[in-house]
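Peer 1: Give me the fold of what follows.
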Amino acid sequence: MSLVFDEYGRPFIIIKEQSAKTRLKGLAALKVHQLLSFCRLPHTLLVSFLVSAPEHAPMFVVLLACQNHPALLSDFLLVLAVPMMNMGMDKILVSGDGDVCVSNDGATILERMEVDNQIAKLMVELSKSQDQEIGDGTTGVVVLAGALLEQAELLLDRGLHPRRISEGFEVACKVACDHLDNICDKLHFTPDETSELLTVAKTTLSSKIVTRALDQMANLAVSAIMAVADFERKDVNLDLIKMEGKVGGQMEDSMLVSGIVLDKDISHPGMAKTIKDAKICILTCPFEPPKPKTKHNIQIDTVEKYQTLYKQEQEYFVDMVKKIKDSGATLAICQWGFDDEANHLLYQNELPAVRWVGGVEIELLAIATGARIVPRFSELTPEKLGKAGVVREVSFGTTKDRMLFIENCENSKAVTIFVRGANKMIIEEIKRSIHDALCMVRNLVRDNRIVYGGGSSEIACSLAVSDAASKVTGVDQYAMRAFSDALEAIPMALSENSGLPGIENLASLKQRQVQEKNSWLGVDCKLAGTNDMKSQKVLETLHGKKQQFMLATQVVKMILKIDDVISPSEYE
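Peer 2: Below is the predicted model of the structure:
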């Protein structure tokens, strides 16, 4: 700190002067990426606890206070690898302002972490990319990338050039993806026969908080996809599926609504709470007298002038209500609010109304009911009304919380998954879990090819890459074998987290896959007595698994190409 003066003689204090920058080059720069490529978490506390069925052991608490230290890599891998188990290990993430998030979703964990290192942010983006493209496998893709970086560090110590390592990883990834095409299976389903889709949804949800109501949640996800799927184009628009939650009740009280659920209530307590065969008009114009667009000032100095103005406003309101009634509407939904006077006029004319409905909900309502969004009262006609079988206001518990259910719509292409839970954290985690299942079922509608889970596909690809490496001349074979070893990180994590001996179980599975020529043998996480993942019906989409391999390889290649780090020195 120093005191200096500017050209006018005014003093000011320099808190910190520009300091020399630190620089890492060559092998040292490459190695620091391997060690610090995940995150720096100063003043962050992660609490890992066991969320299991009621018959299982009590919560197991592990405190991880991560500091800026190379050993952070193994700790961070532990944090992300632990969720890859059948019973599910969740994380409590506490933000700086006290917000608490409970999740075992890889993308959510990484997104909530305070990441300082720039290379570590690539891992966060990697998980987000997997979540946006596939919707599931966010934990596995980061664990695989971490294993590849560990293998790359060993190869760098042996003197291999980073570019040769990258090329070897790329070749190995192509071999693994080609082998997935050879061992994949096809899932056959129709809009009426969805038992196979239910199996995939259960696999996705088996490590989530919803395991207590696994069948019900899987059925919700599959039914929602079937309601909005376009089988001719083989596509699903997830924007047509809305998820709404309300605190209270049990997880089993969640339901699929063939229509829209609005977190709103009827504007007047005296209006009808249930409307059958409703004709709905959707308004985006304000329910109030028009206002001039320029600044204005009205002076009222007599009673007659006030009564004239009041009468004019009344005529505006009466005319608006009359236009709605003349169109044949039995329910008015307005994007904007309206005052008590307009609300009273609507009540007198026996016209139920809902106000302050958001733009996204307005669009979903229009899709579901077949209504046209009306921007002006003068354009309101009977042809622009939507239809719904029943509109009802539902109250919850002893509170005044109310929600509006618009069911049996004319166009059932928009549905709502209504989630109940004990608190807000549980509801948010259930939403994330169902979203993963929705994405996996959507991927199967697009491409019905699958591979079997439990680490079976990773072991099969590891063996295939190892065989291909034996046929390659040059140093690329070292990188390919390293890729093969990295693929074993996922079945190893599954074995250890299921209480099985990791190395012994992995070696046994590799031997059996070679001897029996069965690529469906994986880790028996459920302790069902068989390692055949096909008989256990543990399924994953082919597209999601290939995307995992390719995304992890691309990020590791990009990190390996960085050999120079210039950064400012830390503040002392």
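Peer 1: contacts and neighbour counts: CA atoms only from here.
Peer 2: Noted.
Peer 1: Residue 474: what secondary structure?
Peer 2: Here residue 474 is coil, with the state taken from DSSP: H, G, I helix; E, B strand; the rest coil.
Peer 1: can you give me the strands in the stretch 101-250 of the chain?
Peer 2: 185-186, 229-230, 235-236, 241-247 (DSSP state E, counting those that start in this stretch).
Peer 1: Could you export those as JSON lines, including mean neighbour count?
Peer 2: Shown next, in JSON lines, are those (neighbours: other C-alpha atoms under 10 Å):
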{"stretch": "strand 185-186", "mean neighbour count": "15"}
{"stretch": "strand 229-230", "mean neighbour count": "18"}
{"stretch": "strand 235-236", "mean neighbour count": "20"}
{"stretch": "strand 241-247", "mean neighbour count": "19"}
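Peer 1: just for the stretch 251-400 of the chain, where's the confidence low?
Peer 2: 398-399 (pLDDT under 70).
Peer 1: Which stretches in it count as helices?
Peer 2: 303-326, 340-348, 359-369 (DSSP state H, counting those that start in this stretch).
Peer 1: Out of those helices, which is the most enclosed?
Peer 2: Mean neighbour count (mean count of other C-alpha atoms under 10 Å) peaks for helix 359-369 among these, with a mean of 20.
Peer 1: helices or strands up against that helix?
Peer 2: Counting contacts by 3 or more C-alpha pairs under 8 Å, 6 or more residues apart in numbering; DSSP states H and E, helix 359-369 is packed against strand 259-262, strand 274-283, strand 386-395.
Peer 1: Any idea which of those gets closest to residue 503?
Peer 2: strand 259-262 (50.2 Å; C-alpha to C-alpha).
Peer 1: What strands line up against that closest one, and which way round?
Peer 2: Sheet pairing here is set by DSSP bridges, and for strand 259-262 it gives strand 402-409 (antiparallel).
Peer 1: what comes into contact with the partner strand?
Peer 2: Applying C-alpha atoms under 8 Å, 6 or more residues apart in numbering, the external contacts of strand 402-409 come out as 257-266, 368-369, 387-396.
Peer 1: for stretch 289-308, same thing?
Peer 2: 313, 316, 317.
Peer 1: circling back: can you check which of the helices of the stretch 251-400 of the chain gets nearest to residue 187?
Peer 2: Of all the helices of the stretch 251-400 of the chain, it is helix 359-369 that lies closest to residue 187, at 30.2 Å by C-alpha to C-alpha.
Peer 1: Next, the angle from that closest one to strand 386-395.
Peer 2: Helix 359-369 runs at 120 degrees relative to strand 386-395, counting by axes from the mean of the first three to the mean of the last three C-alpha atoms, to 10 degrees.
Peer 1: now for the strands of the stretch 101-250 of the chain, which one comes closest to residue 222?
Peer 2: Smallest distance to residue 222 across those (C-alpha to C-alpha): 10.3 Å, for strand 229-230.
Peer 1: from the chain's centre, how far out does that closest one sit?
Peer 2: Offset of strand 229-230 from its chain centre (C-alpha atoms, centre = their mean, to the nearest Å): 21 Å.
Peer 1: Mind checking the pLDDT average for that strand?
Peer 2: Strand 229-230 carries an average pLDDT of 86.
Peer 1: and residue 251, how many neighbours?
Peer 2: 19 (other C-alpha atoms under 10 Å).
Peer 1: Equivalent analysis for residue 417, please.
Peer 2: So residue 417, with other C-alpha under 10 Å, has 25 neighbours.
Peer 1: same thing with the one 5 residues further on?
Peer 2: Around residue 422 sit 13 other residues, with neighbours defined as other C-alpha under 10 Å.
Peer 1: these two touch, right, it and residue 246?
Peer 2: No. Using C-alpha atoms under 8 Å, residue 422 makes no contact with residue 246, being 9.1 Å away.
Peer 1: Tell me where the model's unsure across the stretch 51-200 of the chain.
Peer 2: Across the stretch 51-200 of the chain (using pLDDT under 70), the flagged ranges come out as 51-89.
Peer 1: Name all residues that make contact with the residue sitting nearest the centre point of the chain.
Peer 2: The chain has residue 432 as the residue nearest its centroid, 5.3 Å off, counting by C-alpha atoms, centre = their mean. Contacts of residue 432 were listed using C-alpha under 8 Å, 6+ apart, and they are residue 105.
Peer 1: go on, residue 438?
Peer 2: Counting by C-alpha under 8 Å, 6+ apart, residue 438 makes contact with 201, 221, 222, 224, 225.
Peer 1: just residue 282 next, same as before
Peer 2: Counting by C-alpha under 8 Å, 6+ apart, residue 282 touches 332, 333, 334, 335, 362, 366, 371, 372, 373, 374, 385.
Peer 1: Would you mind saying which of the helices and strands packed on helix 359-369 lies nearest residue 523?
Peer 2: Of the helices and strands packed on helix 359-369, nearest to residue 523 by C-alpha to C-alpha is strand 259-262, at 41.2 Å.
Peer 1: what's the offset of the helix or strand harbouring residue 458 from the middle of its chain?
Peer 2: Using DSSP states H and E, residue 458 maps to helix 456-470. Counting by C-alpha atoms, centre = their mean, helix 456-470 is centred 31 Å from the centre of its parent chain.
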